[in-house]
Every structure is written in structure tokens, then in C-alpha cells.
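Q: sequence first, predicted model second:
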Amino acid sequence: MTEQSSELSQKVRELLDVLDRDIEQIERATSRLNELRELVIKRDEQALARVLEKIRTEAQDYQANEQQRSLIRQQLSGLLGCKGDRLTLSVLQSRIAEPAKSAVAGIQQKLKTLVRRLQTEYVSTVTLLSDCARINAILLKIVFDRGQTGPICYDSTGSASRESDAAFMNMRL
């Protein structure tokens, strides 16, 4: 085995380790989104704050893993003689031998499946939060009568005022 071949095998193993951590992070992110929706529905603010703090911590871990993946990708592209932005898992598979080729294919398939699942969880979370925001806006409008363009009353001095019984809650003192 040549030195370049040995170095390539080592970098592929390092990449597989980083991708395994990516898989774990995607699984955690998917779980966190599910948990986040559940806590929003239950309105458990303390647990929600804890989950949001975990998400912040995991984001830092993800960023460190992403930097390591980028570095390994640059090193692999140098070894394979291609541009760094052109090196994908599919290109890597076509340029390496078995059993690493099968390992990369397996990781690639697992990542595709997990990313689709993450996208579904993300869309579900965005939909829930959008609906919550829409319902809150409607409730605020009903309760405080914000932005109403309804009847305006004028008193004997000519001052304009809104009807006091138009809103569920009168904000006048």
C-alpha cells in the first residue's frame, strides 16, 4: 500500500467518524423538534427553556463537527486531485475501493433518510409555531381591539374616540 493510498484510507475513516457524529446530531435535532412541539402544545415554559438551552449547546457542537468535516473534505480533495467544492460522497465513492466504498454508500443513504425525516419534523414545527402566532394575533386583536377601523364617536368638543364597547377589553382607564 502506497503512502498516498494509506493517507487516503485514513482520511476516509476520519470522514466516516465525522459523518457518524453528523448522523447522531441529526437524530438529536429531529428528537428536539418533536420535543419542542410537544412542549409548545403543553405550554411547559420551564421545560421549553431547558430544551432551547440544549439546542444552543448542540448547535455549538454541530459547528465544531462541521469545521472538522470541511477540513477533512479539503484534505481528501487534495489527495484525489479535485476541487474541494466538487467533492461529494458520490464522487468519493467512485474514487475509493471496497470496503470503504460500501461504508460511504451506507452512510450516504442513512444521511439522506435522516435529512428527509428532519425536514418533515422541521416543517411540522414551523407549521405549529406559525399557527400559534396567527392564533395569538387574532386573540390579541379580539381582546385589545388593536387596529380596528370601526365606528368613531365624537364628543361635544369634537374630540374623536372609539366606541368603548367595541372591544372585549376596554383599554381606557
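A: On my side now, so go ahead.
Q: now do the strands in the protein.
A: Under the criterion DSSP state E, the chain contains strands at 152-154, 160-162.
Q: mean pLDDT lowest for which of these?
A: Among the strands of the chain, strand 160-162 carries the lowest mean pLDDT, a mean of 62.
Q: nearest the geometric middle of the protein, what residue?
A: Central residue of the chain (Cα atoms, centre = their mean): residue 122, 6.4 Å from the mean position.
Q: please tell me how far that residue sits from residue 88.
A: Using Cβ to Cβ, to the nearest Å, residue 122 is found at 23 Å from residue 88. C-betas here are computed from N, CA, C, even on glycine.
Q: give me the residues contacting stretch 17-36.
A: Outside of stretch 17-36, the residues that reach it under the criterion Cβ atoms under 8 Å, 6 or more residues apart in numbering are 48, 51-52, 54-55, 58, 61-62, 65, 68-69, 72, 107, 110-111, 114-115, 117-118, 121-122, 124-125.
Q: pLDDT wise, what is residue 173 at?
A: At residue 173, the predicted lDDT confidence score is 52.
Q: what residue of the protein is the furthest out?
A: Largest centre distance within the chain, by Cα atoms, centre = their mean: residue 156, 58.0 Å.
Q: now restrict the contacts of stretch 17-36 to buried residues only.
A: Under a neighbour-count criterion of 16 or more other Cβ atoms under 10 Å, the subset of these counted as buried comprises 48, 51, 62, 65, 69, 72, 107, 110, 114, 118, 121, 125.
Q: filter these down to the ones in helices?
A: Where those overlap with helices, as defined by DSSP state H, the overlap consists of 48, 51, 62, 65, 69, 72, 107, 110, 114, 118, 121, 125.
Q: grab the nearest non-local neighbour of the fifth one.
A: Computed as Cβ to Cβ, 6 or more residues apart in numbering, the closest residue to residue 69 that is not its neighbour in sequence is residue 18, at 4.7 Å.
Q: what about the one you found, neighbour count?
A: Under the neighbour criterion other Cβ atoms under 10 Å, residue 18 is assigned a count of 20.
Q: try residue 87
A: 20.
Q: you'd agree it is up against residue 80?
A: Yes - the pair residue 87 and residue 80 qualifies as a contact (Cβ atoms under 8 Å) at a distance of 6.8 Å.
Q: ok, now which ones touch residue 107?
A: Residue 107 sits next to 16, 19-20, 23, 89 when contact means Cβ under 8 Å, 6+ apart.
Q: now do 7 Å
A: With contacts defined as Cβ atoms under 7 Å, 6 or more residues apart in numbering, residue 107 is in contact with 16, 19.
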